[in-house]
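Peer 1: Structure of the sequence below:
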Amino acid sequence: MDILASLTPIFKPGSVAVIGASTAPGKLGHDILANLKNGGFPGALYPINPKADEILGLKVYKSIGDTPAAPDLAVVVIPARIVAATLSQCAEKGVKAAIVITGGFAEAGPDGERLQDELAQVIRQTGIRVIGPNCQGVNMPHELMCASWPLITTRGRIAFASQSGTVGAAFLDMAAAEHLGVSGFVSLGNRVDVDEAEVLMYFNQDPHTQVIALYLEGVKRASYFLDALREAEKPVVILKAGRTLQGSRAAESHTKSMAGTDAIYEALFRKYRVHRADTLEELFDFAKALAYLPKPKGRKLMISTSSGGAAILAIDEAEKHGLLVPEPNPILKERLREMLPAHCAVGNPVDLTGDAISAPDLYKQVMDKTREEYDTQVVIFGDPIPGASNQVTPGASELVVYLGGADIEREERQKFYEAGIPVYPTPERGIAALAQFFRFEPRTMPVPGRPPVAVPEGLQLLPPPDAAAMIGKAGIPAAAAPLALEPEQAVELARGFGYPVAMKIASPQLAHKTDMGGVYLGLENDEEVRQAYQEIIEATRLYEHWVTVHGVSVSPMAKPGGLEVILGVITDPQYGPTLMFGLGGVNTEIYKDVAFCILPAEEAELEDLMTRIKGYRLLTGYRGQPPRDTKALLAAMKALAIFAGKHPELDQIELNPLILYEKGLFAVDVRIFARG
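Peer 2: Residues are numbered from 1 along each chain as shown. So this is what the prediction gives:
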């Protein structure tokens, strides 16, 4: 039989028997029957209870064999010890599928494992399809079939399957609170038969489902699961528990399946374009965005807000995810200024201030005016703004964030939900959800033209010779960096140092020179120096509209065999200097393995600073490498801290790379920024 067809009696049954139906409200056997009846299930319902005649106005049958016709589905809520025998009776009657709510199977120890083995044997012998055991059931609102709890009848677009009943209930609670509902809910339980792969396949072809969300602790049949992911045409969002070693052990114990190595899951999720969530909130947020928001044409966001702080949070989150928040063009900005009250900040974001409370239509005016230039309108209602729900358009590329609105917010949220518009409670959650549309697309590269890394506005980069001399006087060995203004002068300097030498562009606008071809290392003779000089000057012509060239610095090459680290100071305008340490060279930008320490600092704090980077083991000797001179490093940290304290006019100091040897250290490149 086709797998999907075999699941139809579970998800679209024509009739349902509740085996273990109870007369007592509060018991699962009663509540599930009530949810089926009160949810409007259109087919026949057969309560099974040997001690009752009528429950909820429905005729009760002593056993499954007594029903007038074979039900498509049996919901089983009876003691674990008699479940296997009962399913055998169901199969004999002609029941095609069962949902076993009952617990006490493999999750309960050796005796439970034996009972689950008996259940699996019945399934193999009869071909009956089974969800569970130890599960919370199935709810299919579009089919009016709630064989679960609580009763949720709202028809949504997200199908959710969970290996945890409690996590499933929490997801349903969030969906119910926002009146989104689900297209289907499946609590998989112990997965003695039907598993996550089959459910994924089923909902991939379900016309009511737009997004499939899963909570997984482990995967039962890896090959089937990969097939399901490969064939999935709808967005799949997965919260995979057991990421840590201890968590994976707990997951394995809970589900009795191999939780797997997290790095492997990360790789396969990327391969099959699974939207991986790290928290239950993200699982819900990502699924909600993918199901209810249109895919934006691009990454450009326009933010309209009544709260400047909330907008800053949105911008931070957007940058983290590669979304763009560009300023409006000058003409558009002028039109916005003409349209808005004079005290409103015009840019991106547009800050409507508290005026939005009495004039909420300002939001719509801004959106209408900027819609052509931006791909998504991010609308942040950061106050009790009545009429907020009237400012947005269902189905438009608009992300709604509402926070800080108290009772008015709750009233407006309800109106948003009724219009089918998702609302996010914080800017971070909303932006992270929106970013899922671009999760598997390459990030846009910066437009060529300006230098890749320029000196920050308001700062002055000291000339290389001055910077090296200052650090040398502070007690840290540093490479001298005199400037050459023409090739032959560079040759003279190189001969003075002795080959090999390094040459670098010297410009007050360029803090980092490698990316624009401004650094040549290991030059061995006069001719190489002359050629390097010409090529460096030639490279700067690409940026001649933005940079001033003071010459080319010439420095001796550091001896080989050292470890590149970075040591620096950043001066905060409020808290003063902070010492930075980490892996250096290009590793600084790639790995960002750095740690910080507020100055002044005790020696113990500086020693701790070394240990806080991930690459600390490289300092102590790793895989046969020699240990580095951490005493010299500690002395350099102290010297730099003292130097920074004596020069409050300096904003940033950077020794990168600082070469750390078995004995001693040497600063190859020194950059010092003064406030200008």
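
Peer 1: Tabulate the CA atom coordinates of stretch 118-129 in PDB.
Peer 2: Provided in PDB are the C-alpha atoms of stretch 118-129 (Å, rounded to 0.1, in the frame of the first residue of the first chain):
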ATOM      1  CA  GLU A 118       4.600  -6.900  21.500                       C
ATOM      2  CA  LEU A 119       2.900  -3.900  20.000                       C
ATOM      3  CA  ALA A 120       5.500  -3.700  17.200                       C
ATOM      4  CA  GLN A 121       4.900  -7.400  16.500                       C
ATOM      5  CA  VAL A 122       1.200  -6.800  16.100                       C
ATOM      6  CA  ILE A 123       1.800  -4.000  13.700                       C
ATOM      7  CA  ARG A 124       4.100  -6.200  11.600                       C
ATOM      8  CA  GLN A 125       1.600  -9.000  11.500                       C
ATOM      9  CA  THR A 126      -1.500  -7.000  10.800                       C
ATOM     10  CA  GLY A 127      -0.300  -3.900   8.800                       C
ATOM     11  CA  ILE A 128      -2.300  -1.600  11.100                       C
ATOM     12  CA  ARG A 129      -0.700   1.900  11.100                       C
END
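
Peer 1: and the gap between Pro573 and Lys646?
Peer 2: Counting by Cβ to Cβ, to the nearest Å, the separation of Pro573 from Lys646 is 18 Å. (Each C-beta comes from the backbone N, C-alpha and C, glycine too.)

Peer 1: do the same with His321
Peer 2: Taking Cβ to Cβ, one finds His321 at 42 Å from Lys646.

Peer 1: One more: Lys631?
Peer 2: 23 Å.

Peer 1: got the residue ranges for the helices in the stretch 51-200 of the chain?
Peer 2: 83-93, 110-126, 165-177, 196-204 (DSSP state H, counting those that start in this stretch).

Peer 1: again, but for the stretch 251-400 of the chain
Peer 2: Under the criterion DSSP H, counting those that start in this stretch, the stretch 251-400 of the chain contains helices at 262-271, 280-292, 308-320, 330-339, 355-358, 361-370.

Peer 1: and what of the stretch 401-550 of the chain?
Peer 2: Secondary structure of the stretch 401-550 of the chain by DSSP H, counting those that start in this stretch: the helices cover 406-418, 427-434, 464-473, 487-497, 526-540.

Peer 1: Format these as TSV; extra columns: mean pLDDT, mean neighbour count and distance to Glu603.
Peer 2: Converted to TSV, these look like this (pLDDT from 0 to 100; neighbours: other Cβ atoms under 10 Å; distance: least, Cβ to Cβ, whole Å):
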stretch	mean pLDDT	mean neighbour count	distance to Glu603
helix 406-418	93	15	51
helix 427-434	98	25	39
helix 464-473	94	19	21
helix 487-497	96	18	35
helix 526-540	91	17	42
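
Peer 1: Make a markdown table from these and add distance to Asp111 to it.
Peer 2: Listed next are the helices of the stretch 401-550 of the chain as a markdown table, based on distance: least, Cβ to Cβ, whole Å:
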| stretch | distance to Asp111 |
| --- | --- |
| helix 406-418 | 47 |
| helix 427-434 | 44 |
| helix 464-473 | 72 |
| helix 487-497 | 81 |
| helix 526-540 | 76 |
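
Peer 1: Can you say which of those is nearest to Leu180?
Peer 2: Closest of the helices of the stretch 401-550 of the chain to Leu180 is helix 406-418, at 7.2 Å (criterion: Cβ to Cβ).

Peer 1: Now do that closest one: which elements does it pack against?
Peer 2: strand 398-402, strand 423-424 (3 or more Cβ pairs under 8 Å, 6 or more residues apart in numbering; DSSP states H and E).

Peer 1: Ok, which of those comes nearest Ile64?
Peer 2: Of these, nearest to Ile64 by Cβ to Cβ is strand 423-424, at 46.0 Å.

Peer 1: So for that closest one, mean pLDDT?
Peer 2: In this model, strand 423-424 has an average pLDDT of 96.

Peer 1: So what touches that strand?
Peer 2: 178, 285, 399-402, 413, 416-417, 430, 433 (Cβ atoms under 8 Å, 6 or more residues apart in numbering).

Peer 1: hmm, 7 Å instead?
Peer 2: Here strand 423-424 makes contact (Cβ atoms under 7 Å, 6 or more residues apart in numbering) with 285, 400-402, 413, 416, 430, 433.

Peer 1: Now for those residues: which two are most distant?
Peer 2: Arg413 and Ala433, at 16.2 Å, using Cβ to Cβ across these.

Peer 1: Next, count neighbours for Leu510.
Peer 2: Residues contacting Leu510 under the criterion other Cβ atoms under 10 Å number 24.

Peer 1: partners of it in the sheet?
Peer 2: The partner list for Leu510 in beta bridges (DSSP bridges) reads Ala454.

Peer 1: pretty sure it contacts His550?
Peer 2: No. Leu510 lies out of contact with His550 (Cβ atoms under 7 Å); the separation is 10.2 Å.

Peer 1: got the contact list for Gly26?
Peer 2: By Cβ under 7 Å, 6+ apart, no residues touch Gly26.

Peer 1: pretty sure it belongs to a strand, no?
Peer 2: No. With DSSP: H, G, I helix; E, B strand; the rest coil as the criterion, Gly26 is coil rather than part of a strand.

Peer 1: Distance check, it against Phe185.
Peer 2: Applying Cβ to Cβ to Gly26 and Phe185 gives a distance of 21 Å.

Peer 1: next one: Ala70
Peer 2: 26 Å.

Peer 1: follow-up on the earlier one: and Glu535, which of the helices of the stretch 51-200 of the chain is closest to it?
Peer 2: Of the helices of the stretch 51-200 of the chain, nearest to Glu535 by Cβ to Cβ is helix 196-204, at 56.1 Å.

Peer 1: Off-centre distance for that closest one?
Peer 2: In terms of Cα atoms, centre = their mean, to the nearest Å, the gap separating the centre of helix 196-204 from the centre of its chain is 24 Å.

Peer 1: In terms of helices and strands, where is the residue nearest to Thr630 when sequence neighbours are not counted?
Peer 2: Closest residue in space to Thr630, ignoring its immediate chain neighbours: Leu619 at 5.9 Å, by Cβ to Cβ, 6 or more residues apart in numbering. For Leu619, the host element (DSSP states H and E) is helix 616-620.

Peer 1: which residues make contact with that helix from outside it?
Peer 2: In contact with helix 616-620 (Cβ under 7 Å, 6+ apart) are residues 563, 610, 627-628, 630.

Peer 1: Tell me, how many residues neighbour the nearest residue to Pro150 once chain neighbours are set aside?
Peer 2: Ranked by Cβ to Cβ, 6+ apart and with sequence neighbours excluded, the top spatial neighbour of Pro150 is Leu172, at 7.1 Å. Residues near Leu172, counting by other Cβ under 10 Å, number 22.

Peer 1: now Leu172: how far from Leu73?
Peer 2: Between Leu172 and Leu73 the computed distance is 20 Å (Cβ to Cβ).

Peer 1: swap in Leu290?
Peer 2: Applying Cβ to Cβ to Leu290 and Leu73 gives a distance of 30 Å.
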